[in-house]
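Student: give me the fold of what follows.
(2 chains)
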Amino acid sequence: MHLTVAGREVYAYAGARPRVHSQRTIIFVHGAANDHGVWAWQSRYFAHHGFNVLAVDLPGHGRSEGEALASVEAVADWILALQDAAAAERASLVGHSLGALAVLECAARHPERVEKIALTGPAVPMTVSDELMDAARHNDHAAYEMINGWSFSAARQLGGNAVPGFWMTGNSMRLMERTPPGVLAADLAACHAYANGLAAAAAVLCPALLITGARDLMAPPRNAQALIASLADVRVVELARSGHALMAEEPDAVLDALRTFL
Amino acid sequence: MGKPRNTHLDTLSLHAGARPDPATGARATPIYQSASFVFDDSDHAAALFDMARPGHVYSRISNPTCAVLEERIAALEGGVGGIATASGQAALHLALVTLLSAGSHIVASRALYGGSHNLLDYTLPRFGIETTFVDARDIDGWRAAIRPETRLLFGETLGNPGLDVLDIPRVAALAHEHGLPLLVDSTFTTPYLMQPFAHGADLVFHSATKFLSGHGVVIGGLLVDSGQFDWNAKPARGKFPTLTEPYRGFHDMVFTEESTTGAFLLRARREGIRDFGACMAPFTAFQILQGIETLPLRMARHVENTRKVVAFLAAHPVVATVGYPELDTHPDRALAQRLLPQGCGAVFSFELKGTRAQGRQFIESLRLFSHLANVGDAKSLVIHPASTTHFRMSADELARAGIAEGTIRLSIGLEHPDDLIEDLSRALYAAGKAA
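Tutor: Numbering: from 1, shown residues only, chains lettered A, B, ... in the order given. The predicted structure is shown next:
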């Protein structure tokens, strides 16, 4: 569906289901240079199992208009504006990577509007290497290659997709290649600059779920330990075989963790 | 953290899509010879049918052995995914019916495999889909043939049988200028010699019966999507409602909303394979996987042998012409050097001097070359296109496709090149004496 947020048209995948006022709402927020499609095997399930789903394309990504937002805090406020636009007084927020940081910040800023948060592939701080940042700033294809190489576990670099017929890394590469120039650099800069993670975690009042990949090189689980310690009501699911691309590598395991939690 | 590097084609040929079997540890990809797959519970069953969970339901729609092959060809081509089909013809048909409906129009190269020509020229008009055939080398001809209802441009990497090299960058640019995808038959080249997506093609299909298998024991096809074509963006917007509008046949799914990069393959599987049913058998997929494991080794040898045979024939007094794009006499030599630097494959045609009877004598005098209707086998093959693969064409159509009465097509195998040349030499001598 299309919504207007901050004066710009925004696309959100809703599983071809109309909004039902009595149902709870889940908002899925993707990571850097991605779009709503990374949540395909989670968003559709919830949309068809009694939830209102909004798997968004962040501004400048996928089908949404505008420029990529410059900071995690800006994405957090944008999520709230999206809730307003969708008439969702309260919602559970699910985010991946950059989206996870934004969800965390949103829950800290607006506790009355957030029911639960689920963070997949989170890290605080989420530092970005100079080499990757430099390539992204120059819109160098090498940036996508680095992300793809570090995002999928070594085994998944060779495939074995749960989704019949799809080549995971090829699909991931093509999705990143479709983002307009400058978007990846803006997203990575937002991740790198975000300094409020632990303070935000301490301010979160709602239950939180962290889903981490034991083989994640982009956001290693050890970089989520301080975040876990700062959250008051937290549970953690670590997927032993997964890298950073958790929803693609282990779609059922991520869905099952979310089903149990949400 | 070291900078990652891309995995090479040789390695992907052996490993892509496969992993040791989680149930048994089997290193080879097992043949999952099962029509259907057990659900965990009712919710799991419903979710699989709804595409709310990934997995296998019924082997017409997907199968674990076929899925390994689909991932492997997608990896080799640099695409987002693939679908294994009952034949190369089924792969072409699946691509067409996923995008086109009655009233749609195709612009295709005239230099096509006879089976593709049959489908486009004789069969599809009965379903309201028309094709305009153009000279593969005539970019203005391609442009002039595009109509408002055109939905696809189509050609072969190396045209059949004259090996016209498709100028994929130019034809793709023209297609994209009009909001149209370019579909390419890459059977003759395989991803070892060319990856059409890197040059701008949007969809690729193979007759996997040929070089991908190499053994000539199965019939199969593979359709691969680059994921590059934006079905929703101008000037394509509105041209492809099968992908961009709700599909009543699958819960009003809008495939481009479901996946930005995989919409074509989702529709092809959820409609085309489901309803037309031209799926691949798992045993066939297993056999093709065995072939692909050695694809780089075989293709290198195919090309090496072909170059030697081409050189021999080009210098032979009984041979009028040899059509191989690496020769100075071929009109696409420069283009071939650019697009096919590792070689122009192992299938080519030549013309004998003399009568049709001499051509017959030549073919019947061969001992190593098998006279049959196939290409891309490990064994060398020979055929006379005018009387077999292209026999439905009129004399005029044959001429425009570059086929003469005396044209003979060879598919060079993996035998020792000296033995092949000796066989050809004897048969050419016999043909000469039959004058």
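
Student: list the buried residues for the lowest-mean-pLDDT helix or strand in chain B?
Tutor: Least confident helix or strand, chain B: helix B:395-400 with a mean of 77, by mean pLDDT, DSSP states H and E. Using 16 or more other CB atoms under 10 Å in any protein chain shown as the test for burial, helix B:395-400 gives B:Leu398. The way it works is simple: take the backbone N, C-alpha and C, and place the C-beta from them, glycine included.

Student: direction included, what does the helix or strand that it is followed by pair against?
Tutor: Scanning forward in sequence from helix B:395-400 by DSSP states H and E, the next helix or strand is strand B:407-411. Strand B:407-411 has the following strand partners under DSSP bridges: strand B:347-352 (antiparallel), strand B:381-383 (antiparallel).

Student: dump the ones you listed to TSV, plus distance to A:Asp35 and mean pLDDT.
Tutor: Shown next, in TSV, are the strands paired with strand B:407-411 (distance: least, CB to CB, whole Å; pLDDT from 0 to 100):
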stretch	distance to A:Asp35	mean pLDDT
strand B:347-352	42	93
strand B:381-383	47	94
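
Student: redo those strands as CSV? Include mean neighbour count.
Tutor: Shown next, in CSV, are the strands paired with strand B:407-411 (neighbours: other CB atoms under 10 Å in any protein chain shown):
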stretch, mean neighbour count
strand B:347-352, 23
strand B:381-383, 22
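
Student: so what's A:Asp187 up against?
Tutor: A:Asp187 makes contacts with A:Gly31, A:Ala32, A:Ala33, A:Ala68, A:Leu98, as judged by CB atoms under 8 Å, 6 or more residues apart in numbering or on different chains.

Student: please redo it, this time with the cut-off set to 7 Å
Tutor: By CB atoms under 7 Å, 6 or more residues apart in numbering or on different chains, the contact list for A:Asp187 reads A:Ala32, A:Ala33, A:Ala68, A:Leu98.

Student: buried members of those residues into PyMOL, please.
Tutor: PyMOL command restricting these to the buried ones, with burial defined by 16+ other CB under 10 Å:
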select buried, chain A and resi 32+33+68+98
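
Student: that older thread, distance to A:Val236 for the strands paired with strand B:407-411 - can I get that in TSV?
Tutor: Output for these, formatted as TSV (distance: least, CB to CB, whole Å):
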stretch	distance to A:Val236
strand B:347-352	58
strand B:381-383	61
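
Student: strands of chain B, start to end?
Tutor: For chain B, the strands defined by DSSP state E cover B:81-85, B:105-109, B:130-134, B:150-156, B:182-185, B:203-207, B:221-225, B:319-323, B:347-352, B:370-371, B:381-383, B:407-411.

Student: strands paired with the fifth one, and their directions?
Tutor: In its sheet, strand B:182-185 lies beside strand B:150-156 (parallel), strand B:203-207 (parallel), with partners assigned from DSSP bridges.

Student: can you list the neighbours in contact with it?
Tutor: Strand B:182-185 is contacted by residues B:95, B:113, B:116, B:152-157, B:166, B:168, B:171-172, B:175, B:196, B:200-205 when judged by CB under 7 Å, 6+ apart.

Student: which of the residues you listed are buried?
Tutor: By neighbour count, with 16+ other CB under 10 Å, the contacts of strand B:182-185 hold B:95, B:113, B:116, B:152-157, B:166, B:168, B:171-172, B:175, B:196, B:200-205 as buried.

Student: next, the buried residues of stretch B:262-275.
Tutor: Neighbour-count burial for stretch B:262-275, counted by 16+ other CB under 10 Å, picks out B:Gly262, B:Ala263, B:Phe264, B:Leu265, B:Leu266, B:Arg267, B:Ala268, B:Arg269, B:Arg270, B:Glu271, B:Gly272, B:Ile273.

Student: dump the residue contacts of the first one.
Tutor: It stands for B:Gly262. B:Gly262 makes contact with A:Phe166, A:Asn171, B:Val80, B:Gly81, B:Gly227 under the criterion CB under 7 Å, 6+ apart.

Student: if we use 10 Å, what do you get?
Tutor: Going by CB atoms under 10 Å, 6 or more residues apart in numbering or on different chains, B:Gly262 touches A:37, A:40, A:163, A:165-166, A:171, A:174-175, B:80-81, B:225, B:227, B:255-256, B:268-269.

Student: look up the closest residue to residue 17, ignoring the ones flanking it.
Tutor: You didn't pick a chain, so chain A it is. Spatial nearest neighbour of A:Arg17, excluding adjacent residues (CB to CB, 6 or more residues apart in numbering or on different chains): A:Ala47 at 4.9 Å.

Student: you looked at the wrong chain, it should be chain B
Tutor: Nearest non-adjacent residue to B:Gly17, counting by CB to CB, 6+ apart: B:Glu71, 2.9 Å away.

Student: contacts only, for that neighbour.
Tutor: Counting by CB under 10 Å, 6+ apart, B:Glu71 touches A:158-161, A:163-168, A:170, B:12, B:16-18, B:81-82.

Student: before we move on, what about B:Arg338?
Tutor: For B:Arg338, the contacting residues are B:Val165, B:Asp167, B:Pro169, B:His199, B:Asp332, by CB under 10 Å, 6+ apart.

Student: how many neighbours does the closest residue to the first one other than its chain neighbours have?
Tutor: Nearest-residue entry for B:Val165: B:Asp332, 3.8 Å, with adjacent residues in sequence omitted and distances by CB to CB, 6+ apart. Other residues near B:Asp332 come to 24 when the count uses other CB atoms under 10 Å in any protein chain shown.

Student: B:Asp332 and chain A, how far apart?
Tutor: Distance from B:Asp332 to chain A, counting by CB to the nearest CB, to the nearest Å: 29 Å.

Student: can you pull out the helices in the stretch 51-200 of chain A?
Tutor: With DSSP state H, counting those that start in this stretch, the ranges of helices along the stretch 51-200 of chain A come out as A:72-85, A:98-109, A:130-137, A:141-151, A:168-177, A:183-193, A:197-203.
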